[in-house]
Each structure stands twice: as structure tokens, then as C-alpha cells.
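Visitor: Give me the fold of what follows.
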Amino acid sequence: MSVRTTLVCLPFAGAGASFYRPWQRLAGDALTILPLQLPGRERRIDEEPYTDAGAAADGLLADLRHALDDSARPHRIALFGHSLGAVLAYELAHRLVSEPGVEPAGLFVSGSPQPAEQRSRRATGLPDDAFLARVNEFAGYTHEALEDPEMREMILPTLRADVEMHENYVPGTDLPLPVPLTSLRGADDELVSRDEAAAWSKVAGADFRYVEQAGGHMYLTESPRALLEVVSGRLGAGAGEPCGTAPSPPGCSTYPARRGRPVTTTCPSSLPCSR
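Guide: Numbers count the residues shown, from 1 in each chain. Here you go, the predicted structure:
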């Protein structure tokens, strides 16, 4: 009897679990969508938001344990995170490797450079208007709630905490992650380059795939169905196929390597898949 995969979804800066709830309808029977809620937003609005990614990952692990049904073990878990959510998902994935009764099936990181890379321009510490302008510049996306003065006052402290957590992030380990890893990026993303997104292969301890989707940095707001098709296809595909032989799920494109050869889609991390 096959075990259904639960896709644990972690939010980008300023977002909450509600962003991912419509994904269950889109995913159908292929996946169980489980968004985890960070403090400082939505039903946890009165709780202090995290400013440290390690502490956040520890808290998310406790939340995930609480959310899983003990009678349904073993749990086949995949993780998805966009931008800030990508590094939180990465930290949580390392913790799940040693978690009893859990089979980590895959990590999907979206719109993010590899963990050790930090952007040179920062928003942390700027005055409110300059801070929001910088965040909007980074994301290429403005949430309409920030146009309302009352909502802005409510959201801004959490958004500042999220951005601080992301900009001060340092990986909790330099060990390769022994979980299939997929890095996704909008083809027109002006914040995260192809090289930066493909460099997640440096931390992959199992097989690795780089995928581009149509759109910019926030492509997932426009085409979540195509994204979920990639996730479902990746989780259903065999791992460890030789470079160049694995079929691409819908929406995939290959990454053009510097030497003029296309990067393969599914690659053992020991091969130079992003060079």
C-alpha cells in the first residue's frame, strides 16, 4: 500500500498559511497540502514573530509533529518554501532526516539563492517607507493590504521580523542534505539569477533538479497549478537517474551550463550539474 505524500508549505516574508490553502483543490488526490503557520500573522497574530531561522525551524518541527497523525506513520513528507520559506524548508528538512516515523521525500526550494549566499543590498533597519520600497523592489510584488494604513500598521512588524530573519540567515549545517532537492525559479526573475538558483546543487546530498517556470519572482501567485504538476511529477519519478536521461515534469526547462551544454534534469549531486 502506497503512502500518500504530504507537502508541507512554508511562507515567504509577510505571508501566512492561508496563501497555500487553495492549493489543496488544485493538487486533488495527488498530495495532501499542509501549510504551517509562523507566529505573528493570521490566527497567531498576537504571538511574537521569529527573527532567527534556526529558532523558527525548531518551532516549525514542533508544529509539524503536532499536525501529523501518529496513527498514520510512517509519514512521507515533502517540503516547499518560497524565498524566506525556502531556507526555512531547508533547515526543517535537515531536522526531518533524523525524525522517527518520517520519510523525507523531497525538498522544493523556490525563488532563492543557495543557503550560504546572501544578497548584498538589505532592507533591515530602513525607515518604514524606504523599507517597504526596498522589499517591493526585491519581490517585484506588492500586497494590496499594505496600501491600507491600518493593515500596514498591523503587518509591518511581522514583515520586518521576516526580512531580518532572512537577511541574517546563516545555515545551521554545512552537511549535504540526503533528500532529493529541486530548485525552482521564475524564468523572468530579476531578484534570483539562474546561477544562484542552480547553485542549490552545492548542498544536495541526493539527486538534484533545477526547474524554471514562466513568470517573475512571484510566479507561484500566477501559476500554482503548473508548479504543483512539477512537484507531483518529481515526487512520482524515480531518483538517481543518470544526467540527461530523466524526463522533465510539465513546465520544466533545462539550465544552460557555462560550457554550452544543457544541464541535465535529474542528477546525482556528485556530478557537476550546475557548472
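Visitor: List of residues touching the helix or strand containing His94?
Guide: Taking DSSP states H and E as the definition, His94 sits inside helix 84-96. Applying C-beta atoms under 8 Å, 6 or more residues apart in numbering, the contact partners of helix 84-96 are 8-13, 15, 53-54, 56-58, 60-61, 64, 77, 79-81, 102, 104, 107-112, 115, 162-163, 165-166, 169, 171-173, 175, 177, 179, 203. The C-beta positions use only the backbone N, C-alpha and C, and glycine is treated the same way.
Visitor: 7 Å instead?
Guide: Contact with helix 84-96 is made by 10-13, 53-54, 56-57, 60-61, 77, 79-81, 102, 104, 107, 109-112, 115, 162, 165-166, 169, 172-173, 177, 179, as judged by C-beta atoms under 7 Å, 6 or more residues apart in numbering.
Visitor: Then stretch 134-151?
Guide: 14, 123, 126, 132, 152, 155, 159, 163, 190-191, 216-218.
Visitor: hey, C-alpha coordinates of that stretch in PDB?
Guide: This file holds the C-alpha atoms of stretch 134-151, laid out as PDB (Å, rounded to 0.1, in the frame of the first residue of the first chain):
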ATOM      1  CA  ARG A 134      13.100  48.000  -0.900                       C
ATOM      2  CA  VAL A 135      11.100  44.900  -0.100                       C
ATOM      3  CA  ASN A 136       8.800  45.600  -3.100                       C
ATOM      4  CA  GLU A 137      11.800  46.100  -5.300                       C
ATOM      5  CA  PHE A 138      13.200  42.700  -4.100                       C
ATOM      6  CA  ALA A 139      10.000  40.800  -4.600                       C
ATOM      7  CA  GLY A 140       8.600  42.600  -7.600                       C
ATOM      8  CA  TYR A 141       5.200  42.200  -5.800                       C
ATOM      9  CA  THR A 142       3.100  44.400  -3.600                       C
ATOM     10  CA  HIS A 143       0.400  43.000  -1.300                       C
ATOM     11  CA  GLU A 144      -2.700  45.200  -1.500                       C
ATOM     12  CA  ALA A 145      -3.100  45.100   2.300                       C
ATOM     13  CA  LEU A 146       0.000  47.300   2.600                       C
ATOM     14  CA  GLU A 147      -2.000  50.100   0.900                       C
ATOM     15  CA  ASP A 148      -4.400  50.300   3.800                       C
ATOM     16  CA  PRO A 149      -2.900  52.300   6.700                       C
ATOM     17  CA  GLU A 150      -4.400  50.200   9.500                       C
ATOM     18  CA  MET A 151      -3.500  46.900   7.800                       C
END
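Visitor: What average pLDDT does that stretch get?
Guide: Stretch 134-151 shows an average pLDDT of 74 in the prediction.
Visitor: begin at 54 from here
Guide: Sure, I'll start numbering at 54, so the last one becomes stretch 187-204.
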